[in-house]
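Visitor: sequence and predicted structure are below.
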Amino acid sequence: MKLYYSTGACSLADHIVLEWIGKPYTTQRVSREERASAEYKQKINPAGAVPVLEQDGWLLTQNAAILNFLADSFPQAKLGGDGTPKGRAEVNRWLAFVNSDVHPAFKPLFGSTAYLDDAVAIEKTKDTARKSLRALFERADAQLAGRDWIAGQRSIADPYLFVTLRWAKGQNVDLAGLDNLATFFARMEADAAVQKVLADEAA
């Protein structure tokens, strides 16, 4: 398997999951310029985005699809729930929460305000985004009360949540008082596989 990723992108979640699984894989770092190229869009991903997972010539896009594929392909890693339909639904509930609610809420902080020529409007839009993210992270913090992992046991949802927390810290989102999230973040940072992936992506 081969993962196409970009440093700082949500593909970090897939990279961590691959490391947790512990099976051989390779990676290819893709720059913003490479993602925008006609060649990349034609051969790898028409959306010009990462992550992309390649297996035996088959290319899979979309983070949630890749993460679920990995969980299903390597059930021994136990990253897709407790083996029950309810357990899997809980994993996908929180994966969807991060993928569909939290991740898109960062758009104003990642440059989607570039079309605005009013500095006041830009800052107001960013401030609104930070407040929305605070509310979303409060929900995640409440879910983590009494739990080590967002879905109850370690799963494909956890690395994605970790990625968004890294973004939040970099974008000055208020995380004060969210002690359960802080504990979760520290647990992820202390994980040997996570440390290896972060070092590899920083190299």
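Guide: Great, that's in hand. Residues are numbered from 1 along each chain as shown.

Visitor: quick check: can you list the domain ranges of this structure?
Guide: By the record's domain assignment, the chain is partitioned as 2-78+195-202, 85-191 (the TED database).

Visitor: endpoint to endpoint, the shortest one covers what distance?
Guide: Its first and final residues considered, domain 2-78+195-202 spans 18 Å by Cα to Cα, to the nearest Å.

Visitor: adding mean pLDDT and mean neighbour count, write the domains of the chain out as JSON lines.
Guide: Placement of C-beta: from N, CA and C, glycine included. Output for the domains of the chain, formatted as JSON lines (pLDDT from 0 to 100; neighbours: other Cβ atoms under 10 Å):
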{"stretch": "domain 2-78+195-202", "mean pLDDT": "98", "mean neighbour count": "17"}
{"stretch": "domain 85-191", "mean pLDDT": "95", "mean neighbour count": "17"}
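
Visitor: the most centrally placed residue in the chain: what's it in contact with?
Guide: Residue closest to the average C-alpha location in the chain (Cα atoms, centre = their mean): residue 160, at 2.9 Å. By Cβ atoms under 8 Å, 6 or more residues apart in numbering, residue 160 lies in contact with 10, 13, 63, 67, 95, 98, 99, 103.

Visitor: show me which pair in these is furthest apart.
Guide: Farthest apart among the contacts of residue 160 by Cβ to Cβ are 67 and 103. That separation is 12.6 Å.

Visitor: ok, back up a step: and after the helix or strand in which the residue nearest to the centre of the chain is found, which helix or strand comes next?
Guide: Using DSSP states H and E, residue 160 maps to helix 157-170. On the C-terminal side of helix 157-170, the closest following helix or strand by DSSP H and E is helix 179-190.

Visitor: run the chain-centre distance for that following helix.
Guide: With Cα atoms, centre = their mean, to the nearest Å as the basis, helix 179-190 stands 15 Å off its chain's centre.

Visitor: could you export it as PDB, CA atoms only?
Guide: Extracted in PDB, the C-alpha atoms of helix 179-190 (Å, rounded to 0.1, in the frame of the first residue of the first chain):
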ATOM      1  CA  ASP A 179      -9.300  18.900  30.100                       C
ATOM      2  CA  ASN A 180     -10.500  15.700  28.500                       C
ATOM      3  CA  LEU A 181      -9.400  16.800  25.100                       C
ATOM      4  CA  ALA A 182      -6.100  17.900  26.600                       C
ATOM      5  CA  THR A 183      -5.600  14.500  28.100                       C
ATOM      6  CA  PHE A 184      -6.500  12.800  24.800                       C
ATOM      7  CA  PHE A 185      -4.100  15.000  22.900                       C
ATOM      8  CA  ALA A 186      -1.300  14.200  25.300                       C
ATOM      9  CA  ARG A 187      -2.000  10.500  25.000                       C
ATOM     10  CA  MET A 188      -1.800  10.700  21.200                       C
ATOM     11  CA  GLU A 189       1.400  12.700  21.300                       C
ATOM     12  CA  ALA A 190       3.000  10.100  23.600                       C
END
